[in-house]
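1. give the three-dimensional model of this entry:
(one chain, ligands or ions: 2)
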Amino acid sequence: QALFQLLPGACPSRTATKISKITVVGVGNVGMACAQTILTQNLADELALVDVDPEKLRGEMLDLQHAAAFLPRAKIIANTDYKVSEGSDICIVSAGARQRDGESRLALVQRNVAVFKSIIPQLVKYSPAAILLIISNPVDALTYVAWKLSGFPSNRVFGSGTNLDSSRFRGLLADRLDVSAHNVHGYVIGEHGDSSVPVWSTLNIGGVPIIEFLKSMGIPYSQSTLDELHKMVIGGAYEVIKLKGYTSWAIGYSVASLVKSLLRDQRCIHPVSVCAKGFHGIKDEVYLSLPAQLGYTGVMGVLNLPLTDEEREKLQQSAKTLAEVQAELDI
Ligand SMILES: NC(=O)c1ccc[n+]([C@@H]2O[C@H](COP(=O)([O-])OP(=O)(O)OC[C@H]3O[C@@H](n4cnc5c(N)ncnc54)[C@H](O)[C@@H]3O)[C@@H](O)[C@H]2O)c1
Ligand SMILES: O=C1N[C@](c2ccsc2)(c2cccc(Oc3ccc(F)cc3)n2)CC(O)=C1Sc1ccccc1Cl
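-> Ligands and ions are numbered 1, 2, ... in the order given. Have a look, this model is predicted:
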């Protein structure tokens, strides 16, 4: 006897018309954190995992498949062959070599260019209409490399950029001011990491400019207070590395928020690494983080965020540094 007695009109073989497929390349700490948040938030009907390490790849796939009873239904597949990624809507790249002790950022980029040359053309071959989301570091330079290697329009190639930097910044302020991080409206822009630029001039708490908010709360402040907060954002990354050897959960949640804006066409504004040429006087083809609107087709637009002369100067300096690094690369 059949397991189910079908009702008139039922058609079990017919599936949803829109299947969202996400590929994660690199099943390390970051890639698996992204996979976990994507599955938990029901963002993918199909999740493909790719890596060069076949045993780790199969182990991670099986471990996720074993959670099926606790997750929204999703097809989880994995292979070292990129054919497994065929027809992806979004390809997330967290693969790459990690910075060796004493290694310069330029040397790291050059090593990861070689890694990207083995990844990006394969993703393009099997998913020519996909959006590429780059996490691997140095993320701004590698997002530029991915854009050049893919031949995609720049709106379909972006990097997580200062999305994590901004999240730490907002979280720190939220703790200090005893308010939800969702109501701390502020961006860290520019180059991801040590040289990022906190935008104080438009930072606001629930719409109240930060300086007014601090005054109203009787909280003493000075520029050094604000600068100290930015230093804590950078220090936070190094503290996590010192304590657990890598970072994963925060970047995993930040990537899920970006994926949700893309696949659900939310048109939310996120600080992410975009092609910054033409914004804030930047003349070079470099990727830097600016507040960008994300929707189903990728980067829908970039917010013309008012900046002080100092903030603009820092951004242009980062653009110059990145252009110099990119000029050295063999892409
Ligand atoms: N942008 C950010 O905010 C942010 C935050 C945290 C980490 N990261 C970066 O994410 C990257 C990954 O970090 P992690 O801790 O997951 O590293 P990891 O070493 O744990 O994982 C990297 C994975 O990439 C795989 N890999 C290496 N070469 C490959 C190739 N050619 N093709 C496919 N897979 C390949 C490795 O097998 C490994 O599984 C690093 O570059 C790290 O700096 C970025
Ligand atoms: O939280 C993080 N873990 C990191 C990491 C993860 C696994 S190994 C290294 C990490 C931490 C500290 C320095 C560090 O150095 C690098 C090295 C190369 C590079 F291109 C960018 C940063 N990387 C990668 C990374 O980008 C972040 S976010 C971050 C990093 C520095 C300052 C501010 C922020 Cl928000």
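2. C-alpha only now, for contacts and for neighbours.
-> Will do.
3. which phi and psi does whichever residue of the stretch 51-200 of the chain sits closest to ligand 2 have?
-> Of all residues in the stretch 51-200 of the chain, P138 sits closest to ligand 2, at 3.0 Å by C-alpha to the nearest ligand atom. Backbone torsions for P138, taken as degrees, to the nearest 10, come to phi -70, psi 110.
4. so who does it touch?
-> Going by C-alpha atoms under 8 Å, 6 or more residues apart in numbering, P138 touches 105, 108-109, 192.
5. do the same with W200
-> Contacts of W200 (C-alpha under 8 Å, 6+ apart): 186, 210, 226.
6. which of the residues you listed ranks first by neighbour count?
-> Highest neighbour count within the contacts of W200, by other C-alpha atoms under 10 Å: G186, with 23 neighbours.
7. was I right to think it contacts G206?
-> No. G186 is beyond contact range of G206, at 10.4 Å (criterion: C-alpha atoms under 8 Å).
8. so what sits against both of these two?
-> Shared contacts of G186 and G206, defined by C-alpha under 8 Å, 6+ apart, are absent.
9. you'd agree G301 is up against Q293?
-> Yes. Shown here, G301 and Q293 form a contact pair, counting by C-alpha under 8 Å, at 5.3 Å.
10. which one's more surrounded, the two?
-> Higher neighbour count among G301 and Q293: Q293, with 21 against 15, using other C-alpha under 10 Å.
11. okay, and the beta partners of the more buried one?
-> I269, G301 (DSSP bridges).
12. now the two most distant members of the contacts of P138.
-> L108 and H192 (14.7 Å; C-alpha to C-alpha).
13. who has more neighbours out of these two?
-> Ranked by neighbour count (other C-alpha under 10 Å), L108 and H192 place H192 first, with 28 against 17.
14. who touches that one in this structure?
-> Counted by C-alpha under 8 Å, 6+ apart, H192 has contacts 138-140, 161-162, 165, 288-289.
15. show me where the chain has helices.
-> Remark: helices assigned in the chain by DSSP state H are 29-40, 54-65, 105-126, 139-150, 163-177, 210-216, 223-244, 249-263, 309-327.
16. can you put these in TSV and add mean pLDDT?
-> Shown next, in TSV, are those (pLDDT from 0 to 100):
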stretch	mean pLDDT
helix 29-40	98
helix 54-65	98
helix 105-126	95
helix 139-150	98
helix 163-177	95
helix 210-216	89
helix 223-244	92
helix 249-263	98
helix 309-327	96
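17. neighbours of A256, just the number please.
-> 23.
18. and for N29?
-> If you count neighbours by other C-alpha under 10 Å, N29 ends up with 15.
19. could you measure from it over to ligand 1?
-> 4 Å (C-alpha to the nearest ligand atom, to the nearest Å).
20. you'd agree that residue is up against S248?
-> Yes. Under the criterion of C-alpha under 8 Å, N29 makes contact with S248 at 5.7 Å.
21. which residues does P153 contact?
-> Contacts of P153 (C-alpha under 8 Å, 6+ apart): W147.
22. A181 now?
-> The contact partners of A181, by C-alpha under 8 Å, 6+ apart, come to 170-171, 173-175.
23. again, only this time at 10 Å
-> Residues in contact with A181 (C-alpha atoms under 10 Å, 6 or more residues apart in numbering) are 167-175, 205.
24. which pair in these spans the largest distance?
-> R168 and I205 (15.4 Å).
25. where do the contact lists of G301 and Q293 overlap?
-> Common neighbours of G301 and Q293 (criterion: C-alpha under 10 Å, 6+ apart): 267, 269.
26. give me the number of residues near L243?
-> Neighbour count of L243, defined by other C-alpha under 10 Å: 9.
27. ok, now G235?
-> 13.
28. now swap in E328 and tell me
-> Using other C-alpha under 10 Å, the number of residues around E328 comes to 11.
29. that one contacts Q110, correct?
-> Yes. Using C-alpha atoms under 10 Å, E328 is in contact with Q110, at 8.6 Å.
30. and this protein, which of its residues are near ligand 2?
-> 99, 137-138, 164-165, 193-194, 234, 237-238, 241, 246-247 (C-alpha under 6 Å from any ligand atom).
31. show me how to select, in PyMOL, the buried members of those.
-> To isolate in PyMOL the members of the residues of the chain next to ligand 2 that are buried, counting by 16 or more other C-alpha atoms under 10 Å, one can use:
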select buried, resi 99+137+138+164+165+193+234+237+247
